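Engineer: Sequence and computational prediction follow.
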Amino acid sequence: MFRILKDLLRYNREFALGAILILLVVAMSLASFFSPYPSGLQYVAPFDVPPSWGHPFGTNSRGQDVFWELTFAIRNSLLFGITVALLSRLIALVVGLTSGYIGGVVDRILMSINDTFVVFPPFPILVLVYFIFKDHMSWALLAVAMASLGWPYDARLIRSVALSLRTREFTTQSIFSGMSTRQILIEEHLPYVLPIVFATTMNNINWSIGLEVTLSVIGFTNIETPTIGTMIYWANQHTALVAGVWWWIAFPVGLVIMTFIGLYLLSVSMNEYIDPRSRLSRMGGSA
Amino acid sequence: MAAYTLYVLRRFGQFVLVVFVGINIAFFVTHATPIDPITAAIAATTRFSQSDPQAVQMTREALRELYGLQGSLWQQYVAFWMRVAVADFGPSLSAFPTPVSTLIWRALPWTFGLLSIATLISWGLGNLLGGLAGYYRRNVALKLFGVVASGLQPIPNYVMAFVVLVLFGYVWPILPITGSSQINLPQGWTLAYFESVFQHALLPVLSLVLVGTGAWFIGMRALVSNIVTEDYVTYAELGGVDRRRILISYVMRNALMPQVTGLALSLGLIFNGAVITEVVFGYPGLGNLLIRAVYAGDYSLVIGIASMSIIAVAFAALVIDLVLPLLDPRVRTA
């Protein structure tokens, strides 16, 4: 594990850059535990102070320090992204592994369901969910709704690997040694697809944070929980740009773009690492 | 031709399944909740005034009928399907008495235009440059484009649209940032109107293209750099075939099919991006209509838009899938 990391850092510039960006973002979210101000509280700092030594990212029109507010926001956004990613990975793994291993009619049924979910536009459906639940809209509900829309691409990817695993000798051997289907899927096939699952997790976190930001900025989530999206929402509510409080918008947007690019670079470099041919050509050998 | 018929039938079956599941989700979400839309609507209208209890009761009955919420759950389910089947979701409450379907039909062309132009540009540009980048691997300009395009690609549409809006509306205000045309301009086939529509579409299209191009570029580059190593390409090169011809007719044509399939598969996400971009730029398409419907508490309009977007995207994906075999003889027989 440690050697893989060292290899990746040395031979893969994308991985190194992505790792640095994500480390910064994680450090930022961990800083929230040392915040002098409690999360979400208003009127604790002077209004609209530009970035200075006392307030590195300035303060906003709600009387909050942008830096410390941002630490809470990025922590909540990351947690949300990870929750959605984990939930949807679970669905993708179950569907993908089962579909690939069992095959036949089961595969065809699961894949038609999969292809059905692929074409759904998530945004109108999530807006519909918000419209119905309104004030009952919670963090958990949104996470579940997004997770149930975010799995199909990766389920198909996992299935394609599982299809090839089924014909491998060790699978036949497991069947002859009396392992149940569930045991084969979890103990034998799962380890093989885990690297891909890691890579897709990064993409899925990106996807869910992006949607969360979108819904929050319009005001379609619980706007009292600080996230990157709700921060921009409040900045817009106070017309921060017109008022010249640009630091209220620039820092959250900058940080979230950093997160997106960092996660994306990690996912790309992991994908490359998984594919040995591209890894060799990068290390200077011949593919 | 029998194979093609079978293919069409299978794809059509998939389309029916998408619509069926989608509409069921819409019904399930709106009915399996403890929140009564009628109570919510009445609470919204009577919040600031005294109302006669009898009038409230009458409103309640009228809304129940309007929203198709009468009778048992099964009856409501059937009624819901009847509404979808004829694309009639009743009158809109916020734009009473205009029917929901009229509002949707009015917004649909804007969404369709924005989406199709942005997709054509980003898909075409991404594939063309991606193909070139896969073939001429040492070209510095193409490499640079790849770095920029893949750096922009993970940024979600909303954030990108927002950044574009700030850059061109606040930092360097040269383009109109909201609406679909100048407000006081009469609609019609005049040059001035046309020019105004073009100007207003620039920023939304730009922000969609900035995000959208990267994925096609990366996909095409990977496909082409795989195909280039195949024997038939080496053979053609040794045989002295013009390199441009090798790239266009031998390499890119083969790589194009997965990209068309990919287009059909990602239509849902593309639609999603277009709708979100509309919200940022106040573009009068489905996305904007949806947001305004939610703010106005317009129950039938929200359901109508959600259902119609699912059907529209599924239909567009079906069309692409049906055209695909006509482009590629291999799919016809497979």
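Structural biologist: Okay, I see it.
Engineer: neighbours around residue B:107, how many?
Structural biologist: 21 (other C-beta atoms under 10 Å in any protein chain shown). Every C-beta, even on glycine, is put in place using the N, C-alpha and C of the backbone.
Engineer: For it, which residues are in contact?
Structural biologist: B:284, B:285, B:286, B:288, B:289 (C-beta atoms under 8 Å, 6 or more residues apart in numbering or on different chains).
Engineer: Likewise for residue A:70?
Structural biologist: Per C-beta under 8 Å, 6+ apart, neighbours of residue A:70: A:28, A:57, A:228, A:231, A:251, A:252, A:255.
Engineer: Also near chain B: which of the residues you listed, exactly?
Structural biologist: Filtering the contacts of residue A:70 for proximity to chain B by C-beta under 8 Å from any C-beta of the partner chain leaves nothing.
Engineer: Excluding chain neighbours, what is closest to residue B:211?
Structural biologist: residue B:160 (4.9 Å; C-beta to C-beta, 6 or more residues apart in numbering or on different chains).
Engineer: Give me the spatial nearest neighbour of whichever residue of the stretch 151-287 of chain A sits closest to chain B, chain neighbours excluded.
Structural biologist: Among the residues of the stretch 151-287 of chain A, residue A:210 lies nearest to chain B; the distance is 2.8 Å by C-beta to the nearest C-beta. Using C-beta to C-beta, 6+ apart and skipping the chain neighbours, the partner closest in space to residue A:210 is residue B:156 (2.8 Å).
Engineer: surely the one you found meets residue A:212?
Structural biologist: No: using C-beta atoms under 8 Å, residue B:156 is not in contact with residue A:212; the gap is 9.5 Å.
Engineer: if you count what's nearby, which of those two comes out ahead?
Structural biologist: Neighbours were counted for residue B:156 and for residue A:212 using other C-beta under 10 Å; residue A:212 has more, 27 against 24.
Engineer: what about stretch B:92-100, average pLDDT?
Structural biologist: Mean pLDDT, stretch B:92-100: 79.
Engineer: before we move on, what about stretch A:186-197?
Structural biologist: On average, stretch A:186-197 scores 86.
Engineer: Minimum pLDDT in the contacts of residue A:70, which residue is that?
Structural biologist: Among those, residue A:57 has the lowest pLDDT, at 85.
Engineer: Against residue A:67, how distant is that one?
Structural biologist: Going from residue A:57 to residue A:67 by C-beta to C-beta, to the nearest Å gives 4 Å.
Engineer: Show me which of the contacts of residue B:107 is closest to chain A.
Structural biologist: The closest of the contacts of residue B:107, once distances to chain A are taken by C-beta to the nearest C-beta, is residue B:286, at 7.8 Å.
Engineer: what's the neighbour count on that closest one?
Structural biologist: So residue B:286, with other C-beta under 10 Å, has 28 neighbours.
Engineer: Check residue A:141 too.
Structural biologist: Neighbours of residue A:141 (other C-beta under 10 Å): 15.
Engineer: For the stretch 1-150 of chain B, what lies in contact range of chain A?
Structural biologist: Counting by C-beta under 8 Å from any C-beta, the stretch 1-150 of chain B sits next to chain A at B:13-14, B:17-18, B:21-22, B:25-26, B:29-30, B:33-35, B:37, B:40, B:150.
Engineer: So what touches stretch B:72-82?
Structural biologist: For stretch B:72-82, using C-beta under 8 Å, 6+ apart, the contacting residues are B:23, B:27, B:31, B:68, B:69, B:70, B:71.
Engineer: Could I get the average pLDDT for it?
Structural biologist: Stretch B:72-82 shows a mean pLDDT of 83.
Engineer: ok so, going back, can I take it that the residue nearest to residue B:211 is in a helix?
Structural biologist: Yes: in this structure, residue B:160 lies within a helix as judged by DSSP: H, G, I helix; E, B strand; the rest coil.
Engineer: Show the contacting residues for it.
Structural biologist: For residue B:160, the contacting residues are B:152, B:207, B:210, B:211, by C-beta under 8 Å, 6+ apart.
Engineer: Enumerate every residue touching the residue in the stretch 151-300 of chain B that chain A sits nearest to.
Structural biologist: Closest contact between the stretch 151-300 of chain B and chain A, by C-beta to the nearest C-beta, is at residue B:156 (2.8 Å). Counting by C-beta under 8 Å, 6+ apart, residue B:156 makes contact with A:206, A:207, A:209, A:210, A:211, A:213, A:214, A:260, B:211, B:276.
Engineer: and the third one, which of the three is it?
Structural biologist: When you say that, I think you mean residue A:209. Residue A:209 - assigned by three-state DSSP - is helix.
Engineer: Tally up the residues packed near residue A:13, please.
Structural biologist: 12.
Engineer: Also residue A:110?
Structural biologist: 20.
Engineer: List the buried residues in the regular element (helix or strand) spanning it.
Structural biologist: Under the criterion of DSSP states H and E, residue A:110 resides in helix A:104-119. Of the residues in helix A:104-119, A:107, A:110, A:111, A:113, A:114, A:115, A:116, A:117, A:118, A:119 count as buried by neighbour count, 16 or more other C-beta atoms under 10 Å in any protein chain shown.
Engineer: re the thing from before, filter the contacts of residue B:107 to keep only those in contact with chain A.
Structural biologist: With C-beta under 8 Å from any C-beta as the criterion, the contacts of residue B:107 include residue B:286 near chain A.
Engineer: Of all pairs in the contacts of residue B:107, which one is the farthest apart?
Structural biologist: Farthest pair in the contacts of residue B:107 (C-beta to C-beta) is B:284 and B:286. Separation: 9.3 Å.
Engineer: Output the below-cut-off pLDDT ranges for the stretch 1-150 of chain A.
Structural biologist: Within the stretch 1-150 of chain A, the set of residues satisfying pLDDT under 70 comprises A:1.
Engineer: before we move on, what about chain B?
Structural biologist: B:1, B:32-35, B:44-50, B:329-334.
Engineer: rewinding a little: mind putting the buried residues of helix A:104-119 into CSV with distance to chain B?
Structural biologist: What follows is the buried residues of helix A:104-119, written out as CSV (distance: C-beta to the nearest C-beta, whole Å):
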residue, distance to chain B
A:107, 15
A:110, 12
A:111, 10
A:113, 8
A:114, 11
A:115, 6
A:116, 5
A:117, 8
A:118, 6
A:119, 4
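Engineer: I'd like the contacts of residue B:156 laid out as CSV, including distance to residue A:83.
Structural biologist: As requested, the contacts of residue B:156 are exported to CSV (distance: C-beta to C-beta, whole Å):
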residue, distance to residue A:83
A:206, 14
A:207, 13
A:209, 11
A:210, 15
A:211, 13
A:213, 15
A:214, 17
A:260, 18
B:211, 25
B:276, 22
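Engineer: Generate CSV for the residues you listed, with distance to residue B:132 and neighbour count as supplementary columns.
Structural biologist: Formatted as CSV, the contacts of residue B:156 follow (distance: C-beta to C-beta, whole Å; neighbours: other C-beta atoms under 10 Å in any protein chain shown):
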residue, distance to residue B:132, neighbour count
A:206, 28, 22
A:207, 29, 25
A:209, 33, 27
A:210, 29, 25
A:211, 33, 27
A:213, 34, 27
A:214, 33, 28
A:260, 27, 26
B:211, 21, 25
B:276, 30, 27
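Engineer: how close does the nearest residue to residue B:187 once chain neighbours are set aside sit to residue A:230?
Structural biologist: Spatial nearest neighbour of residue B:187, chain neighbours left out: residue B:193 (6.2 Å); criterion: C-beta to C-beta, 6+ apart. Distance of residue B:193 to residue A:230, computed by C-beta to C-beta: 39 Å.
Engineer: of these two, who's got more company?
Structural biologist: residue A:230 (25 against 15).
Engineer: so that one is in which element?
Structural biologist: Judged by DSSP H and E, residue A:230 forms part of helix A:228-237.
Engineer: Same question for residue A:52.
Structural biologist: Using DSSP H and E, no helix or strand contains residue A:52.
Engineer: give me the number of residues near it?
Structural biologist: 10.
Engineer: Please apply the same query to the one 10 residues further on.
Structural biologist: Burial of residue A:62, expressed as a neighbour count using other C-beta under 10 Å, amounts to 20.
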